[in-house]
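Peer 1: Following is a predicted model, sequence given first.
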Amino acid sequence: MHAHATPPNLPRRRGVLQLLTGSSILLGGGLLWQAGAGLAAEEAVRIPPPAQDLPPAGQSAQKAILAGGCFWGVQGVYQHVKGVLRAVSGYSGGTAATASYGLVSSGGTAHAESVEITFDPAQVSYGTLLQIFFSIVHDPTQLNRQGPDLGPQYRSAIFAASPAQLKVAQAYVAQLDATRLFGKPIVTRLESVPSFFPAETYHQDYMTENPQNPYIVYNDLPKVAHLKRLFPERYRSEPVLVKRAQSR
């Protein structure tokens, strides 16, 4: 559940209240220190790229749908990736009738919080998006959770938009499992029936609009810092925002 300030009736993300109890101090680099507990953001490592990838297909934009926990952070990372034209937070895996935050937060709709990424394959490949997904965006060994967020709506999943994408994703997961880079099996679900329903407006561009939110400071801003450090050739400082594009 999200640690929202607005709207006031939104549920809060599980684990965040415990994280913020007691004396806490915001540190540089997007870290939170709490009296009596040495807290630090998850470390990230640049993993090898997929051995199989999709070649650039002409000049037309393509889409990828990825779920890796809270969509605030997933969206925020990909908005800083060169070649990404648009990254929208939403819900995947369930039906349109239940694709709303209040229902998805119950964990019973079959949805996952996800991000639909529109990208230029001439600038960034599908395989590179997956490499960033596994390197930075989330921990693919956590089953039905990410950090403080619990439930199947926070599952790790790849919603393949085509049979070719599914083949690349399957090969990459097998490649990473074979090398035992994560120390534990990857639990990322590969879902071959893509669905995507945009989330409510207040969820879009949430990281950019709420950089002082403690949840963002601790869980999500470090991921953007990891992107800049580990993938400097892929990083862009100015994010591509949903609302900015809509206002044009």
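Peer 2: Perfect, I can see it now.
Peer 1: and the closest residue to residue 151 other than its chain neighbours, helix, strand or coil?
Peer 2: Excluding the flanking residues, the one nearest residue 151 by Cβ to Cβ, 6 or more residues apart in numbering is residue 107, at 3.8 Å. Where C-beta positions appear, they are placed from N, C-alpha and C, glycine not excepted. For residue 107, the reduced secondary structure class is coil; criterion used: DSSP: H, G, I helix; E, B strand; the rest coil.
Peer 1: so what's residue 107 up against?
Peer 2: Shown here is residue 107, whose contacts under the criterion Cβ atoms under 8 Å, 6 or more residues apart in numbering are 151-153.
Peer 1: now, which of those sits nearest residue 116?
Peer 2: Among the contacts of residue 107, residue 153 lies closest to residue 116 (Cβ to Cβ), at 16.1 Å.
Peer 1: what about the residue most central in space within the chain, helix or strand, and which?
Peer 2: Among the residues of the chain, the one closest to the centroid is residue 74, at 2.1 Å (Cα atoms, centre = their mean). Per DSSP states H and E: residue 74 is located in helix 71-78.
Peer 1: Hmm, residue 123 is touching residue 81, no?
Peer 2: No. The criterion here is Cβ atoms under 8 Å, and residue 123 misses it with residue 81 at 9.3 Å.
Peer 1: Strands along this structure, start to end?
Peer 2: Counting by DSSP state E, the segments of the chain that form strands are 24-27, 31-34, 62-68, 84-92, 112-119, 145-146, 149-150, 156-159, 189-191, 197-198.
Peer 1: so where's the chain uncertain?
Peer 2: Using pLDDT under 70 as the threshold, the predicted model of the chain has low-confidence ranges 1-42, 245-248.
Peer 1: Would you tell me which helix is longest in it?
Peer 2: Using DSSP state H to define each element, the chain has its longest helix at helix 163-179.
Peer 1: Give me the residues contacting that one.
Peer 2: Helix 163-179 is touched from outside by 47-48, 50-54, 64, 126-127, 130, 134, 140, 158, 160, 182, 185-186, 188, 190, 192, with contacts defined as Cβ under 8 Å, 6+ apart.
Peer 1: ok, residue 97 - how many residues close by?
Peer 2: The number of residues packed near residue 97 is 9, by other Cβ atoms under 10 Å.
Peer 1: typo on my end, it should be residue 59
Peer 2: Around residue 59 there are 8 residues (other Cβ under 10 Å).
Peer 1: Likewise for residue 176?
Peer 2: For residue 176, the count of nearby residues is 21 (other Cβ under 10 Å).
Peer 1: ok, it to residue 231 distance?
Peer 2: Relative to residue 231, residue 176 is positioned 17 Å away (Cβ to Cβ, to the nearest Å).
Peer 1: if we can go back for a sec, can you lay out the strands of the chain as a markdown table showing distance to residue 212 and mean neighbour count?
Peer 2: Shown next, in a markdown table, are the strands of the chain (distance: least, Cβ to Cβ, whole Å; neighbours: other Cβ atoms under 10 Å):
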| stretch | distance to residue 212 | mean neighbour count |
| --- | --- | --- |
| strand 24-27 | 8 | 12 |
| strand 31-34 | 11 | 16 |
| strand 62-68 | 23 | 24 |
| strand 84-92 | 19 | 23 |
| strand 112-119 | 22 | 25 |
| strand 145-146 | 21 | 21 |
| strand 149-150 | 20 | 19 |
| strand 156-159 | 28 | 26 |
| strand 189-191 | 33 | 17 |
| strand 197-198 | 25 | 17 |
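Peer 1: could I get the ones you listed as a markdown table with distance to residue 166?
Peer 2: Shown next, in a markdown table, are the strands of the chain (distance: least, Cβ to Cβ, whole Å):
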| stretch | distance to residue 166 |
| --- | --- |
| strand 24-27 | 41 |
| strand 31-34 | 37 |
| strand 62-68 | 11 |
| strand 84-92 | 14 |
| strand 112-119 | 16 |
| strand 145-146 | 23 |
| strand 149-150 | 26 |
| strand 156-159 | 8 |
| strand 189-191 | 6 |
| strand 197-198 | 21 |
